[in-house]
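**Q** need a structure here:
(one chain, ligands or ions: 2)
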Amino acid sequence: SVRSFQSNLHSPHYSKHHTQATHHMLDQKYIGQAKCMLQKVGSWNFDIFLFERLSNGNSLVDLTFHLFSEYGLIKLFRLDLLKLRRFLVIVQEAYHSENPYHNALHAADVTQAMYCYLQEPQLSESLTSCDILLGLLAAATHDLDHPGVNQTFLINTNHYLASLYQNTSVLENHHWKSAVSLLRESGLLSHFPSEDRQCLETRLGSLILATDISRQNEYLSEFRTRLDRAELHMNNSQDRHFILQMALKCADICNPCRPWHLCKLWSHKVTEEFFNQGDIERRLNLDVSILCDRNSNSVAKIQIGFISFVVEPLFVEWARFSDTPLSHVMLGHMTSNKFNWTHLPQKDLRGTTQKL
Ligand SMILES: Nc1ncnc2c1ncn2[C@@H]1O[C@@H]2COP(=O)(O)O[C@H]2[C@H]1O
Ligand SMILES: [Zn+2]
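**A** Ligands and ions are numbered 1, 2, ... in the order given. As a prediction, this is how the structure comes out:
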C-alpha cells in the first residue's frame, strides 16, 4: 500500500556511504514501488508527489504511458511505442520545471484526476476510445510551456504571445498550439488519415481552451442550464465533448478537493507562483495583480476565496451530473479543507513535502 512505501522511504537504508551498486538497487526499488503505486492510479488519494519522487521526476511520462496502455489505446490506434514515449518526454520537458505550480507535476495531477473522472459511470459507459484518447492528451498538454505568469502580465508587458492571440485566451491558445506542434514533431499520429488528425487537433483545442478560468461562468451557466433541462445526452457526440470539457475543467482546479495534505501542498505552490509574479510586477513598476501581492494576501485567504467562488460552484454542478461516491468524497474534502483554512492555527497551514 501507499503507506508502506512512505515508511520505506524513511528506512535507514539510504545512507551516504552506499556504493554505486546499492544506489542502482535503490533505483530499482523505487521503480518497483512506482509501478506498484500505479495499481491504485484510479484512487482519489493517489499521492502524485510521492509518485514523482519514486519515478525520478518522470510522473507525467510514466503515468500517461501507463494509462494509454491500460486503456489499450496503443493497440487500438496502432501507436508506435517509441514515438509515444518520445512524445510524452518532449511534452514533459516543455513544461517549465522552475515554475512552482505550472510544471509537469501539475499536468500529471490533472491527468490522474481526469482518469478518475473518465472512470465515472456516466462517462465510462458512453465515451468512445477517441474521446478517452483526447481526454488524456488534453489533460497532459493543457498547460504546455506555461511561463509562470498570467495573461494580464503578458498583456501589460507587451509579450509577443499577447498580440499573437489578440489578448484572448492567450495562454490556452499557446498551450494548444504547442501541443499540436509536439504531436506533429513526434509523428505519433502520422499514420492517421489527415481528416482524423485535423478533427483531433480541433477538439484538443476546444478542450484546452475550456480551461481558461476567466471564462468559467460561461461554461458553468451552460452546464447548469443543460442540467436543469435534462438536455445532456451521452449518446450524442457533441454532448460527450461538452462533458469532456467540464471534466477537464474540474480536473484542472480539483486540488482543493484532494485530501488535506495534498491540497495544502498545491495551495502553497500556486501562491508562490502568484507572489513571484507580484514581485516582478513591483520591480517593473506595474500594478501588482490582485492575488499576487504578498504584502496583502495569505495562502489561507486566497484559498477560502478560490474555493467559495470558483471551485464550489463548479463541483456542485459536476455532482449533479455525476452523483457518485467520488463526487461526494470531493465535496467532502473541499468543505473540510475550507474549514481548515478558516480555523486551523497558522502553524498547521504550512506546506511540507517529506524528503526521500
Ligand atoms: N488552489 C488554488 N488556489 C488559487 N488558485 C488556483 C488554485 N488552483 C488553481 N488555481 C487557479 O486556477 C487556474 C486554472 O487554470 P490554470 O492552471 O491556468 O491556472 C490556475 C490558477 O490560476
Ligand atoms: Zn492547469
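**Q** drop to CA atoms for contacts and neighbour counts, all remaining ones
**A** OK.
**Q** Can you pull the residues of this protein lying near ligand 1?
**A** Taking C-alpha under 6 Å from any ligand atom as the contact definition, the chain meets ligand 1 at Thr211, Ile213, Asp252, Ile253, Asn255, Pro256, Ser267, Val270, Gln303, Phe306.
**Q** export these to CSV and tack on distance to Asp131, secondary structure and neighbour count?
**A** Compiled in CSV, the residues of the chain next to ligand 1 are given as follows (distance: C-alpha to C-alpha, whole Å; DSSP: H, G, I helix; E, B strand; the rest coil; neighbours: other C-alpha atoms under 10 Å):
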residue, distance to Asp131, secondary structure, neighbour count
Thr211, 17, coil, 24
Ile213, 22, helix, 15
Asp252, 18, helix, 21
Ile253, 21, coil, 19
Asn255, 24, helix, 25
Pro256, 26, helix, 26
Ser267, 31, helix, 20
Val270, 30, helix, 17
Gln303, 32, helix, 22
Phe306, 30, helix, 15
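**Q** which SS class is Asn285?
**A** coil (DSSP: H, G, I helix; E, B strand; the rest coil).
**Q** What's the separation between it and Thr157?
**A** Distance, Asn285 to Thr157, using C-alpha to C-alpha, to the nearest Å: 11 Å.
**Q** With Leu284 instead?
**A** Leu284 is 9 Å from Thr157, by C-alpha to C-alpha.
**Q** Check Phe223 too.
**A** Separation of Phe223 from Thr157 (C-alpha to C-alpha) stands at 35 Å.
**Q** Also Ile48?
**A** Going from Ile48 to Thr157 by C-alpha to C-alpha gives 34 Å.
**Q** more neighbours, these two?
**A** For Ile48 and Thr157, the more surrounded residue by other C-alpha atoms under 10 Å is Ile48, and the numbers stand at 20 against 13.
**Q** Can you pull the poorly scored residue ranges out of this structure?
**A** Along the chain, the model assigns pLDDT under 70 to residues 1-22, 353-356.
**Q** Nearest to ligand 1: which residue in it?
**A** At 4.4 Å from ligand 1, Ser267 is the closest residue in the chain, using C-alpha to the nearest ligand atom.
**Q** Report the contact partners of that residue.
**A** Contact partners of Ser267, counting by C-alpha atoms under 8 Å, 6 or more residues apart in numbering, are Asn255, Pro256, Val299, Gln303.
**Q** Quick check, Asn103 in contact with Val91.
**A** No - Asn103 lies out of contact with Val91 (C-alpha atoms under 8 Å); the separation is 10.8 Å.
**Q** any idea which element the residue most central in space within the chain lies in?
**A** When C-alpha atoms, centre = their mean is applied to the chain, the residue found nearest the centroid is Val110 (2.2 Å). Using DSSP states H and E, Val110 sits in helix 104-118.
**Q** which strands and helices sit next to that helix?
**A** With contacts defined as 3 or more C-alpha pairs under 8 Å, 6 or more residues apart in numbering; DSSP states H and E, the packing partners of helix 104-118 are helix 48-54, helix 59-70, helix 129-141, helix 237-252.
**Q** Please, which helix or strand holds Glu185?
**A** Glu185 belongs to helix 170-186 when assigned by DSSP H and E.
**Q** buried residues in that helix?
**A** The neighbour-count check on helix 170-186 (16 or more other C-alpha atoms under 10 Å) flags 170-180, 182-183, 186 as buried.
**Q** Name the residues that touch it?
**A** Residues from elsewhere that reach helix 170-186, judged by C-alpha under 8 Å, 6+ apart: 83-84, 86-87, 90-91, 141-146, 150-151, 161-162, 165, 189-190, 201, 204-205, 208-209, 211-212.
**Q** So what touches stretch 325-338?
**A** Outside stretch 325-338, the residues that touch it by C-alpha under 8 Å, 6+ apart are 44, 256-260, 263, 303-304, 307, 312, 315-316, 318-319.
**Q** Show me which pair in the residues you listed is furthest apart.
**A** Among the contacts of stretch 325-338, the pair separated by the greatest distance (C-alpha to C-alpha) is Trp44 and Ile304, at 21.7 Å.
**Q** any idea whether Ile280 is helix, strand or coil?
**A** Put simply, Ile280 is helix when judged by three-state DSSP.
**Q** what do you get for Asn99?
**A** Three-state call for Asn99 (three-state DSSP): coil.
**Q** residues in contact with the closest residue to it other than its chain neighbours?
**A** With C-alpha to C-alpha, 6 or more residues apart in numbering as the criterion, Asn99 has its nearest non-adjacent residue at 5.6 Å, and that residue is Gly148. By C-alpha under 8 Å, 6+ apart, the contact list for Gly148 reads Asn99, Pro100, Tyr101, His102, Glu273, Gln277.
**Q** Asn150 now?
**A** By C-alpha under 8 Å, 6+ apart, the contact set of Asn150 is Leu171.
**Q** can you give me the strands in the stretch 251-356 of the chain?
**A** Applying DSSP state E, counting those that start in this stretch to the stretch 251-356 of the chain gives no strands.
**Q** What residues does Val149 make contact with?
**A** When contacts are counted by C-alpha under 8 Å, 6+ apart, Val149 is found next to Glu273, Phe274, Gln277.
**Q** Counting neighbours, what do you get for the second one?
**A** Residues near Phe274, counting by other C-alpha under 10 Å, number 22.
**Q** so it sits right up against Val288, yeah?
**A** No - using C-alpha under 8 Å, Phe274 is not in contact with Val288; the gap is 10.2 Å.
**Q** For the helix or strand where Ser206 lies, name the packing helices and strands.
**A** Taking DSSP H and E as the criterion, Ser206 maps to helix 194-209. Applying 3+ C-alpha pairs under 8 Å, 6+ apart, one finds that helix 194-209 contacts helix 129-141, helix 170-186, helix 237-252.
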